[in-house]
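In: Model the following, please.
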Amino acid sequence: MDQNALKKAVAEAALAYIKPKLSSDSIVGVGTGSTANFFIDALAALRDDFKAAVASSEATAARLKSHGIEVIDLNEAGECEVYVDGADESNAHLHLIKGGGAALTREKIVTAASREFICIADQSKWVETLGAFPLPVEVIPMARSYVARQIVKLGGDPVYREGVVTDNGNIILDVYNFDIPDPVATEHALNSIVGVVTNGLFAARPADVLLLGTENGVETIFAK
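Out: Below you'll find the predicted structure:
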């Protein structure tokens, strides 16, 4: 089964997982990226079963609206019933690396404002130790060099993501060669650097459930 087929399978599994939780007052948080796009396309079938969606990026908002799904601001929504999004890596504790699509800050905000975070991913994203995927860090532009020097002190190799500006007007440093045995501590250390908006570790608030697409079907995994 190819990767797109796995992504479609987990998107459909997420739809089945959230359907019983929805009501006419429900707000659904929706993530960003290729797997999230499959979920958005599937979610169109339930657009009359919930009130509105909150998008984690401008691209996601546009795709939701193209399916006739109402998109509202998080300030108006207050709290989301569920948040569904992909990941670039996940470990057994459902600590994640996210941000390959440069939407990590808004994704983290919507995650924080959601009762349940459902991560959807294919089996290639499952790892024992986070860090093989370069860790994205969103940075205020004027602090780029300073933040990079501090990341080097933490043992990482930061690389400026050329030509990328986030929806918040900031830049991305991708941290290579950075094994992350303690994701919670690393998330805190990076966020403590002045000039960092946030980083792509979702460990202080991990996923509640991971729907993992495998060759043998979709596995439902809860954090250890």
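
In: what's the following helix or strand after the helix or strand where Ala5 lies?
Out: Using DSSP states H and E, Ala5 falls within helix 3-18. Helices and strands here follow DSSP H and E; after helix 3-18, the next one along the chain is strand 27-30.

In: And the helices in this structure?
Out: 3-18, 34-43, 58-66, 74-77, 104-112, 144-153, 183-191 (DSSP state H).

In: Save those as a markdown table, and put in mean neighbour count and mean pLDDT too.
Out: Any C-beta I mention is one placed from the backbone N, CA and C, and that applies to glycine too. Converted to a markdown table, the helices of the chain look like this (neighbours: other CB atoms under 10 Å; pLDDT from 0 to 100):
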| stretch | mean neighbour count | mean pLDDT |
| --- | --- | --- |
| helix 3-18 | 19 | 95 |
| helix 34-43 | 22 | 96 |
| helix 58-66 | 17 | 98 |
| helix 74-77 | 14 | 96 |
| helix 104-112 | 23 | 98 |
| helix 144-153 | 16 | 98 |
| helix 183-191 | 18 | 98 |
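
In: ok, back up a step: show residues contacting the helix holding Ala5.
Out: 1, 28, 34-35, 38-39, 41-43, 45-46, 81-82, 84, 86, 118, 120-124, 209, 211-214, 217-218, 220 (CB atoms under 8 Å, 6 or more residues apart in numbering).

In: now, which of the residues you listed lie within strands?
Out: 28, 81-82, 84, 118, 120-122, 209, 211-214, 217-218, 220 (DSSP state E).

In: Weed out the non-buried ones from those residues.
Out: Buried subset of the ones in strands among the contacts of helix 3-18 (neighbour count, 16 or more other CB atoms under 10 Å): 28, 81-82, 84, 118, 120-122, 209, 211-213, 218.

In: Would you point out the most distant pair within the ones in strands among the contacts of helix 3-18?
Out: Glu81 and Thr214 (27.1 Å; CB to CB).

In: Now do stretch 183-200: everything it contacts.
Out: Counting by CB under 8 Å, 6+ apart, 88, 91, 93, 95, 97-99, 104-105, 108, 130, 135-140, 142-144, 146-147, 150-151, 154, 168, 170, 180, 201-204 sit against stretch 183-200.
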